[in-house]
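Student: sequence first, then the predicted structure, then my questions.
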Amino acid sequence: EAAWISVTFSEALQRAKACEVREDLGFLRISGGGSAAIPGSAEADVIPGVYEGGLKLWEASRDLVAHLRSRNLEISGRSVLEIGCGMGFPALQCLLNGAASVVFADYNLEVLETLTAPTIALNVEHETPLYDKTRYVGGDWSSVTKEIPQSFDLILAAETVYTPQAALGTLQMISQHLAPDGLAIVAGKRYYFGTGGGTDELLRSHIPPELEASVVEEVEDGRSNIRDILYIRKKS
């Protein structure tokens, strides 16, 4: 079952400052937070049915932050949902850009409690009212969707298409929770070798009839698989 977590700003900040902190992407990043709460997470990127990789800062999250910084998107006053948020850097960027409200959703409550909320608190320490604009919900998408009945102006997702099943779940969340004139931005690798997922698979096989999707940016840095950023909207 999905559940909202309640971590006050002072609690979250205290947890953050109990960890090693360094700078990454211009944000303050917590190192080591949460791994002790999820057995096996230090050794595995994903543990099916147990852990979905939220303790790691994935490449597509970096791509998504860079994209948000480079594009003149209308974020001020908007409602934002990040699914599969992990550290939550993309949605944090929106929070700092004036979003009216931000919901961080992750498979693991432990990630939200020990990593996401502390990371957000650390980065808004000198603008504490921003923390009051955030909420945190954990669980699988079929249960989370029942906890967030409202629609969102902007939905963000990074590295949530690594299997066909994960891609389908991402699209179902977008279909159910994207406002009619909203925008979803999905960042991920074009191919996830060995798992069958990727942005290519999503575009070829999974787009439901009520949505339209397009590649707006390709990232090819020579260090990893080619990565794409997709815009997904509801058809008018």
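Tutor: On my side now, so go ahead.
Student: residues contacting Ile229?
Tutor: Counting by CB atoms under 8 Å, 6 or more residues apart in numbering, Ile229 makes contact with 63-64, 67, 185-187, 215-219. All C-beta atoms are positioned from the backbone trio N, CA, C, and that covers glycine.
Student: the helices in this protein, which residues?
Tutor: 9-17, 59-70, 89-96, 109-111, 117-123, 141-147, 164-177, 199-205 (DSSP state H).
Student: how about those helices in TSV, adding mean neighbour count and mean pLDDT?
Tutor: Output for the helices of the chain, formatted as TSV (neighbours: other CB atoms under 10 Å; pLDDT from 0 to 100):
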stretch	mean neighbour count	mean pLDDT
helix 9-17	17	94
helix 59-70	20	95
helix 89-96	25	97
helix 109-111	23	87
helix 117-123	26	95
helix 141-147	16	90
helix 164-177	20	93
helix 199-205	18	90
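Student: and those: which comes nearest Ser224?
Tutor: helix 59-70 (5.7 Å; CB to CB).
Student: run through who's touching that closest one.
Tutor: Applying CB under 8 Å, 6+ apart, the external contacts of helix 59-70 come out as 25, 75, 86-87, 89-90, 93-94, 97, 156, 158-159, 185, 187-189, 217, 219, 224, 227, 229.
Student: give me the buried subset of those.
Tutor: With neighbours counted by 16 or more other CB atoms under 10 Å, the contacts of helix 59-70 contain buried members at 25, 75, 86-87, 89-90, 93-94, 156, 158-159, 185, 187-189, 217, 219, 227, 229.
Student: now, these that are in strands?
Tutor: Members of the buried ones among the contacts of helix 59-70 lying in strands (criterion: DSSP state E): 156, 158, 185, 187-189, 217, 219, 227, 229.
Student: tell me, what residue is most central in this protein?
Tutor: Residue closest to the average C-alpha location in the chain (CA atoms, centre = their mean): Cys85, at 2.8 Å.
Student: need the contact list for it.
Tutor: Cys85 makes contact with 54, 91, 104-106, 112, 116, according to CB under 8 Å, 6+ apart.
Student: mind putting these into a markdown table with distance to Leu211?
Tutor: As requested, the contacts of Cys85 are exported to a markdown table (distance: CB to CB, whole Å):
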| residue | distance to Leu211 |
| --- | --- |
| Gly54 | 25 |
| Ala91 | 21 |
| Phe104 | 23 |
| Ala105 | 19 |
| Asp106 | 23 |
| Leu112 | 27 |
| Thr116 | 27 |
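Student: no more questions from me, cheers.
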